[in-house]
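K.L.:
Provided below for reference: sequence and predicted model.
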Amino acid sequence: MIGVLAKPEDYDVVREFFELFKTPWEFCRRDRHYEVVLQADGTSNDRPAALVLLYGTEATAFDEQRKRLPGAPRRNTTLLWDGDSIPLYDKAVSVAVDGAARDVTFADTGDPVAFATRSKDRTVVRIGYDLFREIRHLLTTGQPPAHAGIPTLERHIALLRSWIVGAGIPVLEIPPVPAGHPFTVCLTHDLDHPSLRFHRFDHTTFGFLYRAVIGSVVKACRGRLPLSALRRNVSAALALPFVHLGWADDFWFEFDRYLQLEKGLASTFFVIPVKGDPGRTLEGPAPSLRASAYAASDIADRIRSLASGGSEVGVHGIDAWLDSGRGSQEREAVSRATGVPTAGVRMHWLYFDAQSPARLEQAGFAYDSTFGYNETVGFRAGTLQAFKPLTARQLLELPLHVMDTALFYPSHLDLTPEAAKKKVLPLVDEAEQHGGALTINWHDRSIAPERLWDGFYLDLLDELKRRNPWFPTSAQAVAWFQRRRAARFDNVRQDDGSVQVRASAYGAGAIPGLTIRVHKPSTSDGPLRPMRRTEFIDAPLTESVDARVAVSYP
Ligand SMILES: [Zn+2]
């Protein structure tokens, strides 16, 4: 059990942090003894504990005693830990002591940002940044695109865990992995342009013709488009008048071809509720280009058959992010068209602000999946886990990680398929390492001319399937995370060589179970080194309401 001492203004973020690092903890109580104390309240009270993790940038009594005051505060630095980067967004200080192990250092100067002192019955790790300020930044503002590839929040958890394990104390947790799978993948599709026939002489039609003919010729000349694809695009452009006359198939109105490509994997379609409305920003009307040429009701038959086939249909919102009244209307419009109530939303063009989670929740949504980047791919919140934004009471945010347009648009990353693969696979590796849900958005018309990004998508699916993730709808993934949040450690006992835990988890149904994981403690009594890889033992915490799990370690 970890006892936590934090500043009262950080209590909300502490609670959320320990939903993501799901391990037994509580705010320190005077009458309790803790084996581990995580102290981030700016003081260094001498609580009896086998391990004290002292986070913070201000000088504490501990520093005074050691006659080693922290260095001058720096901002926007990067830590280096065993070859991994951990960007910091608030203040950080060096806590150098001569001869200390340089396990965690500033990437640029090499100065230590953490060190451990060890005596027979007590270890203190002094860490020169404020953990909960960092977590708050990640869950609210998020990371700049330059750090998109780094799962910073997961690395904060891993580093904290490794100090505990390194100090010879086992770590018990319910990891963000669904039983039987190393991680989760949410396949999603924003429906921005589900039919060519909704567009006459508008910018979408002209953009399509330009890119299908001139853009494709230029790309083919540069060797970035195979001739077969060039042929497909030019034929599609020539067919356009016949599509409008009804003499040729509308090749954008085939977004349900995703069901064939995904072959039984669940996916989620986000559908626009209203036609011809660009919506608003906080400053005034949104650009007219944001308006949709269709409403959910225009494709009701098609989305009803998706929903009855097991796909999820959510709302691709226009104004829901800044107006809960409009949010309710948007949710009802999509629910009416689909014939089943919907609880999920992703905003069109990823419009979002700090108050959006509270407004979306008030509009009746159970989850949102907007928090991501338009211009790049990766971990804006530094995590693969669904989290509760600090302004929400219940709603979970399922962060968005990989979007097709970010990879391939000339104004964004403008990657070749090979370069895009090199960009995406490391994100999949992180998912495999940390667990969580990797969320992918492949737009409706991306599998049709002129984009023709279906080949890349199929290759990506093959690569994902090889790693055996769970492929649920977004709502199912969120339900799994809610179930994990609801799990409780009722009783944890550590005896010699074993950990006994009584934990409870409620709800079952079609979603995979939870897992109890015990990370084996290090048996070395040399200097404390935070090792990146830990050994662990898993035991199922399936649909049981009240399970007792005993795991032995040497
Ligand atoms: Zn959109």
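P.N.:
Right, received. Where do you want to start?
K.L.:
What's the local residue count around His244?
P.N.:
15 (other C-beta atoms under 10 Å). Every residue, glycine included, has its C-beta placed from N, CA and C.
K.L.:
What residues does it make contact with?
P.N.:
Leu196, Arg197, Arg200 (C-beta atoms under 8 Å, 6 or more residues apart in numbering).
K.L.:
So which of those is the closest to the ion?
P.N.:
Nearest to the ion among these is Leu196, at 16.9 Å by C-beta to the ion.
K.L.:
So the residue nearest to that closest one when sequence neighbours are not counted versus Pro194, what's the distance?
P.N.:
Nearest in space to Leu196, with sequence neighbours left out and distances taken as C-beta to C-beta, 6 or more residues apart in numbering, is Trp252 at 4.6 Å. Remark: distance between Trp252 and Pro194 (C-beta to C-beta, to the nearest Å) = 7 Å.
K.L.:
surely Ala406 meets His412?
P.N.:
Yes: assessed by C-beta atoms under 8 Å, Ala406 is found in contact with His412 at 4.9 Å.
K.L.:
Which of those two has more residues huddled nearby?
P.N.:
A count of neighbours by other C-beta under 10 Å puts Ala406 above the other of Ala406 and His412, at 26 against 17.
K.L.:
what bridges to Val313?
P.N.:
For Val313, the beta-bridge partners are Phe269 (DSSP bridges).
K.L.:
re the thing from before, what touches both of Ala406 and His412?
P.N.:
Residues touching both Ala406 and His412 (C-beta under 8 Å, 6+ apart): Asn374, Glu375, Thr376.
K.L.:
which among those gets closest to the ion?
P.N.:
Asn374 (9.9 Å).
K.L.:
Run through the residues that contact the closest residue to that closest one other than its chain neighbours.
P.N.:
Spatial nearest neighbour of Asn374, excluding adjacent residues (C-beta to C-beta, 6+ apart): Leu350 at 5.5 Å. Leu350 makes contact with Thr370, Gly372, Tyr373, Asn374, Leu400, according to C-beta under 8 Å, 6+ apart.
K.L.:
buried subset of those residues?
P.N.:
Among these, those buried by neighbour count (16 or more other C-beta atoms under 10 Å) are Thr370, Gly372, Tyr373, Leu400.
K.L.:
Out of the residues you listed, give me the two with the largest separation.
P.N.:
Using C-beta to C-beta, the pair of these lying farthest apart is Thr370 and Tyr373, separated by 10.8 Å.
K.L.:
Now do the shared contacts for these two.
P.N.:
When contacts are counted by C-beta under 8 Å, 6+ apart, Thr370 and Tyr373 have Leu350, Leu400 as shared neighbours.
K.L.:
what's the neighbour count on the residue nearest to Leu196?
P.N.:
Here the number of neighbours of Trp252 (other C-beta under 10 Å) works out to 22.
K.L.:
Report the residue spans of this protein with pLDDT below the cut-off.
P.N.:
Applying pLDDT under 70 to the chain flags the ranges 97-100, 496-497, 506-508, 542-554.
K.L.:
what's the closest of the shared contacts of Ala406 and His412 to Leu138?
P.N.:
Closest approach to Leu138 among these (C-beta to C-beta): Thr376, at 16.3 Å.
K.L.:
In contact with the closest one, which residues?
P.N.:
Here Thr376 is in contact with Pro145, Ala148, Ala406, His412, Leu413 (C-beta under 8 Å, 6+ apart).
K.L.:
Next, it: secondary structure please.
P.N.:
Recorded secondary structure, Thr376: coil (DSSP: H, G, I helix; E, B strand; the rest coil).
K.L.:
Which one of the residues in the stretch 301-450 of the chain is closest to the ion?
P.N.:
His348 (3.9 Å).
K.L.:
My guess is that residue contacts Leu191. True?
P.N.:
No: using C-beta under 8 Å, His348 is not in contact with Leu191; the gap is 9.9 Å.
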